[in-house]
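J.: my questions are about this predicted structure, shown below with the sequence.
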Amino acid sequence: MSNVFRIFIVLLLAILAEPLHAQTIQTIVNDAPNQEAFWSVTVRDKNGAILESMNREKVIIPASNQKLITTAAILDYFGADYRYETTIYGEGNLEGNLWNGNLILKGSGDPSISGDLYEDDRYYIFNKFLDQLKQKGIEKIEGNLIADVSLFDDQMYPKGWDWYDFSFYYGVQISPLSFNNNAVDLEVFAEGEIGDKPRITWFPDNTDYVEFVNEQVITHPGIDYDEYYRRELGGNRIVLGSTLPQAYYEDESLSVNNPPMFFLDSFKNFLVSNGIEVEGFLVVSEDEQNIEVLEELATHRSKPMSELIKWTNKESDNFYTEMLTKTLSAAKDDKPGTFEDGIDQIRSFLFRIGIDTTFVQMKDGSGLAGGNFNKTSLISDLLFKMMDHPEFDAYYNSMSTAGIDGTLAHRMKGTPLYNNFKGKSGFVTGVRTLSGYFEARSGKQLIVSLATNNFISEKVRPVDSVHEQILMYLYNKY
């Protein structure tokens with residue numbers, strides 16, 4: 001074999017092998033379809049050392065990766081075993097089967113008075129209250145139902161939330177006494193003829209607390225569904241303007257105005273339909289009631305905080321996150337909880353564990369607000385530091401598992417990341433984030449934080465594909 005031929009063979013093998021060794025995070029991003037976007041990546045090992053990065057010290061919008069920060073602070077303060085207690089107190093006395101006086105429902109900030117953690121039984125906790133009232137012998141209430149909402153201040157939304165979101169389940173009002181995530185669950189059945197209005201039903205039990213203006217239209221089966229829902233600001237009149245193809249089914253959770261009054265209205269209707277008459281008025285009080293002199297008639301303890309945090313992160317629930325944020329504020333300062341103080345407490349937690357908060361800007365706990373900023377280097381550092389935290393098991397278990405559950409249930413299937421990657425996704429318009437833990441091919445544990453900001457397309461799938469290419473590159477390399 002001549003020297004020239006040998007050199008040719010060596011060069012050919014080098015060319016063929018080069019693509020396998022030349023792939024980097026940068027080359028993956030260079031081939032991404034969203035070249036207008038900004039990309040940031042930080043990869044750490046289990047000791048916190050940075051293995052690879054791209055724009056790690058540049059500021060990014062974290063979207064719902066912000067929940068990783070908030071839930072870490074909540075677990076740090078309350079612990080995984082903490083339970084909310086929501087109690088009904090009696091102001092009056094029992095005369096036979098008549099309660100002569102008011103019932104005071106003390107809001108505790110529990111976000112889970114719904115079916116979320118109770119096998120979709122949305123009346124589960126109401127039934128618990130009902131059973132205890134009946135055990136006391138109460139069949140009639142000759143007095144008012146009073147909601148004590150003194151635990152939180154009267155600011156219903158964090159700063160920076162968009163008014164457009166206020167109609168939907170992900171942008172509901174926050175109150176220490178809440179029912180069904182402060183939303184009504186609408187169902188729409190396009191059962192009629194083309195041009196007809198579809199049939200609607202809603203929970204709680206077609207309540208008249210909201211007024212639906214059904215302007216929806218059934219269209220040809222070949223026409224795509226077009227959604228339109230708007231709740232008037234400051235009221236409970238909800239306009240439905242969607243067009244639905246014939247035989248289409250749609251369900252949507254829509255927000256209500258004045259959640260504590262919604263709670264009282266729903267609870268009264270529930271009591272009446274289950275054999276307890278209520279003769280008085282419904283009253284929302286921002287003044288703290290003197291419960292020391294009242295009789296405890298019924299109480300409910302929530303599932304442990306670990307279960308609430310699991311729902312928060314796996315389902316990326318803004319409502320739970322903001323309820324937890326205000327609860328943290330109320331618990332730390334022994335005064336009505338505020339969004340701003342809750343955020344200060346979260347930032348203080350970050351500072352205590354050694355994270356520089358200079359570039360951690362938080363307008364809310366959930367990541368929905370405009371004006372939230374962070375860095376992938378800081379998010380990955382939080383994930384690293386939490387590995388040594390006493391509540392790490394609850395924190396880790398709260399995250400979605402790729403291909404299995406939560407917001408990652410349909411991602412990474414058919415890859416080695418399936419049932420391997422544990423983490424949190426995030427999305428707001430123009431932003432997609434992903435942070436978490438996984439084992440590489442060698443068994444090495446990696447911590448990663450990915451952020452894509454300022455992409456134009458309304459579709460996130462191309463960005464998700466690039467994120468997963470980066471994860472697979474890391475999986476194979478390490």
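T.: Alright, I've got the coordinates.

J.: list the contacts for the residue nearest to M323 when sequence neighbours are not counted?
T.: Excluding the flanking residues, the one nearest M323 by CB to CB, 6 or more residues apart in numbering is P111, at 3.9 Å. For the C-beta atoms, the positions are set from N, CA and C on the backbone; glycine is no exception. P111 is in contact with S178, N181, L308, D317, F319, Y320, M323, L324, counting by CB atoms under 8 Å, 6 or more residues apart in numbering.

J.: show me the strands in the stretch 201-350 of the chain, by range?
T.: 211-214, 217-219, 229-231, 237-240, 243-245, 249-255, 277-278, 282-285, 295-301 (DSSP state E, counting those that start in this stretch).

J.: so which of these gets nearest F129?
T.: F129 lies closest to strand 295-301 among these, at 4.6 Å (CB to CB).

J.: can you tell me which helices and strands the closest one packs against?
T.: Using 3 or more CB pairs under 8 Å, 6 or more residues apart in numbering; DSSP states H and E, the elements in contact with strand 295-301 are strand 85-95, helix 124-135.

J.: list the buried residues in it.
T.: L297, A298, H300 (16 or more other CB atoms under 10 Å).

J.: wait, L117 sits on L308?
T.: Yes - judged on CB atoms under 8 Å, L117 makes contact with L308 at a distance of 7.5 Å.

J.: what touches both of the two?
T.: With CB under 8 Å, 6+ apart as the test, L117 and L308 both reach S302.

J.: can you tell me which of the contacts of P111 are in helices?
T.: The helices, defined by DSSP state H, take in L308, F319, Y320, M323, L324 from the contacts of P111.

J.: on that earlier part again, pLDDT and distance to K159 for the buried residues of strand 295-301 - can I get that in JSON lines?
T.: Compiled in JSON lines, the buried residues of strand 295-301 are given as follows (pLDDT from 0 to 100; distance: CB to CB, whole Å):
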{"residue": "L297", "pLDDT": "97", "distance to K159": "38"}
{"residue": "A298", "pLDDT": "98", "distance to K159": "36"}
{"residue": "H300", "pLDDT": "98", "distance to K159": "32"}
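
J.: which one of those residues is nearest A32?
T.: Nearest to A32 among these, with distances taken as CB to CB, is H300, at 49.1 Å.

J.: any low-confidence regions in the stretch 351-478 of the chain?
T.: Along the stretch 351-478 of the chain, the model assigns pLDDT under 70 to no residue.

J.: now V293: how far from I104?
T.: To I104, V293 is 11 Å away according to CB to CB, to the nearest Å.

J.: with neighbour numbers in mind, choose between these two.
T.: Counted by other CB atoms under 10 Å, V293 and I104 do not tie: I104 has more neighbours, with 23 against 8.

J.: hmm, back to that, give me the buried entries from the contacts of P111.
T.: By neighbour count, with 16+ other CB under 10 Å, the contacts of P111 hold S178, N181, L308, D317, F319, Y320, M323, L324 as buried.

J.: just those residues now: which is nearest Y478?
T.: So of the buried ones among the contacts of P111, ranked by how close each gets to Y478 (CB to CB), first place is D317, at 32.8 Å.

J.: list the contacts of the closest one.
T.: Residues in contact with D317 (CB under 8 Å, 6+ apart) are P111, N181, W311.

J.: quick one: which of these is nearest to F421?
T.: Ranked by distance to F421 (CB to CB), the contacts of D317 are led by W311 at 19.7 Å.

J.: could you find the closest non-adjacent residue to that closest one?
T.: D116 (5.7 Å).

J.: wait, the one you found touches F179, no?
T.: No - the criterion here is CB under 8 Å, and D116 misses it with F179 at 11.7 Å.

J.: nearest residue to the middle of this structure?
T.: D317 (1.1 Å; CA atoms, centre = their mean).

J.: so, low pLDDT: which residues of this protein?
T.: Low-confidence segments of the chain (pLDDT under 70): 1-21.

J.: try 50 this time
T.: 3-21 (pLDDT under 50).

J.: per the annotation, how does it divide into domains?
T.: Per automatic domain parsing, the structural domains of the chain span 23-80+305-477, 85-301.

J.: can you show me the helices along the stretch 51-200 of the chain?
T.: 66-78, 124-135 (DSSP state H, counting those that start in this stretch).

J.: will you turn those helices into a markdown table that also has distance to G403?
T.: As requested, these are arranged in a markdown table below (distance: least, CB to CB, whole Å):
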| stretch | distance to G403 |
| --- | --- |
| helix 66-78 | 20 |
| helix 124-135 | 30 |
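
J.: out of these, nearest to Q289?
T.: For Q289, the closest of the helices of the stretch 51-200 of the chain is helix 124-135, at 17.2 Å, according to CB to CB.

J.: so which elements touch that closest one?
T.: In terms of contacts (3+ CB pairs under 8 Å, 6+ apart), helix 124-135 is packed against strand 85-95, helix 259-273, strand 295-301.

J.: can you show me the CA trace of the longest one as CSV?
T.: Going back to what we said before, that points to helix 259-273. Extracted as CSV, the C-alpha positions of helix 259-273 are listed here (Å, rounded to 0.1, in the frame of the first residue of the first chain):
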residue,chain,number,x,y,z
PRO,A,259,-63.4,33.9,45.3
PRO,A,260,-64.5,33.9,49.0
MET,A,261,-68.1,34.8,48.0
PHE,A,262,-67.9,32.1,45.4
PHE,A,263,-66.9,29.7,48.2
LEU,A,264,-69.7,30.8,50.4
ASP,A,265,-72.3,30.6,47.6
SER,A,266,-71.1,27.1,46.6
PHE,A,267,-71.0,25.9,50.2
LYS,A,268,-74.5,27.2,51.0
ASN,A,269,-76.0,25.5,47.9
PHE,A,270,-74.2,22.3,48.9
LEU,A,271,-75.5,22.4,52.4
VAL,A,272,-79.1,23.1,51.3
SER,A,273,-79.0,20.3,48.7
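
J.: one step back: can you redo the helices and strands packed on strand 295-301 as a markdown table with mean neighbour count?
T.: Putting the helices and strands packed on strand 295-301 into a markdown table (neighbours: other CB atoms under 10 Å) gives the following:
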| stretch | mean neighbour count |
| --- | --- |
| strand 85-95 | 17 |
| helix 124-135 | 17 |
